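**Q** coords please:
(chains A and B)
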There are 2 protein chains.
Amino acid sequence: MSSLSPVPSGPSRWEKLGESTQATTRVFEVMSAHYRHPVRGTKRDFVVLRAPDWVNVLALTPDERIVLVRQFRFGVDAFSLEIPGGVMDEGEDPVAAGLRELREETGFAGRGARLLGSVHPNPAIQSNRCHIVFVEDAVRTEALEWDADEEMEISTLAADEVFALARQGGITHGLVLNALLLFEPLWRERKGRGV
Amino acid sequence: MSSLSPVPSGPSRWEKLGESTQATTRVFEVMSAHYRHPVRGTKRDFVVLRAPDWVNVLALTPDERIVLVRQFRFGVDAFSLEIPGGVMDEGEDPVAAGLRELREETGFAGRGARLLGSVHPNPAIQSNRCHIVFVEDAVRTEALEWDADEEMEISTLAADEVFALARQGGITHGLVLNALLLFEPLWRERKGRGV
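**A** Below you'll find the model as predicted:
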């Protein structure tokens, strides 16, 4: 990596002095995090959303299709095409959480479940991570268990078509696109092997 | 797409009745959005973060390296390796905003700037979008204009190494990973052409 930094010592690690809750919602807490700059000595408050970790599941059917859900999303006041996912329970393992969300939202179960990676939805203002779980040989065997207010259209789409759709703007959920980025090398390898 | 929906008519479009501000911060407003389910008639409030649109810039140097910034991020209380980006001004064009952020944060300017696509950082709870701008032939010609509290290490890294790093967990910012997903077909095409 070629560094071109105007700060020879690099950017400073701010010192966290504490934090206080500004507002509480069903989905996250709004915190005010109190920081001090170690060189300048200035004290500043920054807004941070505290939420549990989230999980997304990329589930591939035996015929190499990805399990999708389409649901109404209140943030954008519109429908959104996504992979299954949700909020992890406290202390829950990401892979277990992924399998739980897949089962509850779609009735699908599979095998070979494993973590593809974990991302920060927004490290500037959110403390939590979103874990991305891969499941193969996913088939619909279980009963749905939707939360109150959940209502989804469940479908499957050939993996190549999902990538094309994502790059044409048909899938816009950033965390779903993250799952596709992490899945793509594995997908290319599977296609190369003719799985 | 094979639909497997248990709801024959598909999920309902909830009817928005209004919204009210729950909390205001420097980065977003926390709204309570009031909705009514069109079939069940139930009324429910959902939390929505209202923020301006954001922009991220994938800037490629003449020797095919990506411009990166490393900065301390308060959400995760840690350093994060990212591409340049920030908050768009009201009424600002995404490409203009991308070029502005690139210049202010890194001093780089380029040519052929264009929109690669736009994503929703989180359609479940956020109304805004993040636009992803591509710039080529980026070189460092301008003076930095950091905001108060901004402090970055600026570097460049070969594009293939950036993709590898992203898939190994060295880049975890979800919106930066979105830029890589949208850039990848263009990158493969450039490599194939031997640009």
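
**Q** quick one: low-confidence ranges for chain A?
**A** A:1, A:5-9, A:195 (pLDDT under 70).

**Q** Do a quick rundown of the helices in it.
**A** Listed in chain order, the helices of chain A (DSSP state H) span residues A:94-106, A:159-167, A:174-193.

**Q** For chain B, find the nearest of these.
**A** In this view, these are compared for proximity to chain B by Cβ to the nearest Cβ, and helix A:174-193 is the closest at 4.5 Å. The way it works is simple: take the backbone N, C-alpha and C, and place the C-beta from them, glycine included.

**Q** Report whether the closest one contacts chain B.
**A** Yes - applying Cβ under 8 Å from any Cβ of the partner chain, one finds that helix A:174-193 is in contact with chain B at A:G174, A:L175, A:L177, A:N178, A:L180, A:L181, A:L182, A:E184, A:P185.

**Q** I'd like to know which of those residues are buried.
**A** Neighbour-count burial within the residues of helix A:174-193 next to chain B applies to A:G174, A:L175, A:L177, A:N178, A:L180, A:L181, A:L182, A:E184; the criterion is 16 or more other Cβ atoms under 10 Å in any protein chain shown.

**Q** Let me know the closest of the residues you listed to B:E90.
**A** Within these, the smallest distance to B:E90 is 22.2 Å, found for A:G174 (Cβ to Cβ).

**Q** who touches the closest one in this structure?
**A** A:P121, B:V119, B:H120, B:P121, B:N122, B:C130, B:G174, B:L175, B:N178 (Cβ atoms under 8 Å, 6 or more residues apart in numbering or on different chains).

**Q** Kindly report the same for A:A51.
**A** A:V27, A:F28, A:E29, A:V87, A:Q126, A:S127, A:N128.

**Q** what about it, distance to B:V76?
**A** Between A:A51 and B:V76 the distance, using Cβ to Cβ, to the nearest Å, works out to 12 Å.

**Q** got any residues that touch both of those two?
**A** Going by Cβ under 8 Å, 6+ apart, residues that sit against A:A51 and also against B:V76 are A:Q126, A:S127.

**Q** Hmm, A:R26 is touching B:D45, no?
**A** No - counting by Cβ atoms under 8 Å, no contact exists between A:R26 and B:D45, whose distance comes to 9.0 Å.

**Q** Just want to know which of the two has more residues nearby.
**A** When A:R26 is set against B:D45 and neighbours are counted by other Cβ atoms under 10 Å in any protein chain shown, the residue ahead is B:D45, at 17 against 8.

**Q** That one and B:H37: what is the separation?
**A** From B:D45 across to B:H37, the span is 13 Å (Cβ to Cβ).

**Q** Run through the strands of chain A in chain order.
**A** Secondary structure of chain A (DSSP state E): strands located at A:2-3, A:15-24, A:29-36, A:43-50, A:54-59, A:65-73, A:78-82, A:85-87, A:108-119, A:130-140, A:152-158.

**Q** Tell me which of those is the most buried.
**A** Mean neighbour count, computed with mean count of other Cβ atoms under 10 Å in any protein chain shown, is highest for strand A:54-59 among the strands of chain A, reaching a mean of 27.

**Q** next one: that one to chain centre, how far?
**A** Using Cα atoms, centre = their mean, to the nearest Å, the mean C-alpha position of strand A:54-59 is found 7 Å from that of the whole chain.

**Q** Contacts for it, please.
**A** Around strand A:54-59, the neighbours that count as contacts under Cβ under 8 Å, 6+ apart are A:66-67, A:83-88, A:94, A:97-99, A:101-102, A:106, A:108, A:110, A:116, A:121, A:128-136, A:138, A:175-176, A:178-180, A:183.

**Q** give me that answer again for 7 Å
**A** A:66-67, A:83-88, A:94, A:97-98, A:101-102, A:108, A:110, A:116, A:128, A:130-135, A:138, A:175-176, A:179, A:183 (Cβ atoms under 7 Å, 6 or more residues apart in numbering or on different chains).

**Q** go on, stretch A:145-162?
**A** Judged by Cβ under 7 Å, 6+ apart, the contacts made with stretch A:145-162 from elsewhere in the structure are A:60-61, A:64-71, A:104-106, A:180, A:187, B:1-5, B:7, B:10-12, B:44.

**Q** Could you export that stretch as CSV, CA atoms only?
**A** Once non-C-alpha atoms are left out, stretch A:145-162 reads as follows in CSV (Å, rounded to 0.1, in the frame of the first residue of the first chain):
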residue,chain,number,x,y,z
GLU,A,145,-42.9,-18.7,11.8
TRP,A,146,-43.3,-15.1,10.9
ASP,A,147,-43.1,-12.3,13.5
ALA,A,148,-46.1,-10.1,13.9
ASP,A,149,-46.1,-7.6,11.0
GLU,A,150,-43.9,-9.9,8.9
GLU,A,151,-45.3,-10.8,5.5
MET,A,152,-43.1,-11.9,2.6
GLU,A,153,-43.1,-13.3,-0.9
ILE,A,154,-40.7,-16.2,-0.9
SER,A,155,-39.0,-17.2,-4.2
THR,A,156,-35.9,-18.6,-5.7
LEU,A,157,-33.8,-17.3,-8.6
ALA,A,158,-30.8,-18.7,-10.4
ALA,A,159,-27.6,-17.4,-8.8
ASP,A,160,-26.3,-15.8,-12.0
GLU,A,161,-29.6,-13.9,-12.4
VAL,A,162,-29.4,-12.7,-8.8
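
**Q** measure A:N178 to A:Y35 for me?
**A** Relative to A:Y35, A:N178 is positioned 28 Å away (criterion: Cβ to Cβ).

**Q** can you tell me which residues contact A:H120?
**A** If a contact means Cβ under 7 Å, 6+ apart, then A:H120 has A:Q126, A:R129, B:V76, B:T172, B:H173, B:G174 as its contacts.

**Q** ugh, wrong one, A:H131
**A** A:D53, A:V55, A:P94, A:L115, A:S118.

**Q** how's chain A carved up into domains?
**A** As given by automatic domain parsing, the domain ranges for chain A are A:15-50, A:54-193.
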